[in-house]
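J.: Predicted model and sequence follow; I will ask about them next.
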Amino acid sequence: MSRLTSWLAPRHTLHAHCGLPCGIYDPEQARIEAESCYRMIEKFNASQDAVFRSRAIDIKEQRADLVQHHLDVLWHDYFKPPMLEKVPNLHQLFWDDLIDQVDEAWRVTGGEEKTRLHGRAAAAA
């Protein structure tokens, strides 16, 4: 190895199991955004105003993108292969966008104890 490459080579190798520190991940935000989508669909269906309906579609799509983002973060950063022992159908839950069941999988794998603040009410299961 040349002096330059040995100087540039890392001195230590670090390993992390998730993109953020433990205690950050929570499926509650995905649920909030999904419920917003549902409510926007109701408002869209209740209105005959073309401008409002166009705006409702835009807002619903933005919220749907946020649902996908929050679920992706959970799936790729929080859930790890050892958790499949506790939740063997984990991938199917995400493929089917079953937020309530993803929330239950998060609870079973200890997410609630790591994330929820003391005294904060847990979401209804």
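T.: All right, it came through fine. Numbers count the residues shown, from 1 in each chain.

J.: Would you mark the buried spots in stretch 73-92?
T.: Within stretch 73-92, the residues that count as buried by 16 or more other Cβ atoms under 10 Å are 73, 74, 78, 79, 83, 87, 90. C-beta coordinates here come from the backbone N, C-alpha and C atoms, glycine included.

J.: next structured bit after the lengthiest helix in the chain?
T.: Longest helix in the chain, counting residues (DSSP state H): helix 50-73. Using DSSP states H and E, the helix or strand that directly follows helix 50-73 along the chain is helix 90-95.

J.: orientation of the very next helix or strand once past that following helix relative to helix 50-73 in degrees?
T.: Note on helix 90-95: by DSSP H and E, the next helix or strand toward the C-terminus is helix 99-108. Orientation of helix 99-108 against helix 50-73 (axes from the mean of the first three to the mean of the last three Cα atoms, to 10 degrees) gives an angle of 30 degrees.

J.: Skip ahead from helix 99-108 and say which helix or strand is next.
T.: Counting by DSSP H and E, what follows helix 99-108 is helix 111-115.

J.: Now do that following helix, average pLDDT.
T.: Averaged across helix 111-115, the pLDDT comes to 80.

J.: Output the below-cut-off pLDDT ranges for this structure.
T.: 1, 4, 12-23, 117-125 (pLDDT under 70).

J.: mind running it again at 50?
T.: 119, 125 (pLDDT under 50).

J.: What is the most widely separated pair among the buried residues of stretch 73-92?
T.: Greatest spatial distance among the buried residues of stretch 73-92 (Cβ to Cβ): 73 and 87, at 16.9 Å.

J.: just checking, residue 33 touches residue 61?
T.: No: taking Cβ atoms under 8 Å as the definition, residue 33 is not a contact partner of residue 61, at 11.4 Å.

J.: The two - which one has more neighbours?
T.: Remark: of residue 33 and residue 61, residue 33 carries more neighbours, 20 against 12, as counted by other Cβ atoms under 10 Å.
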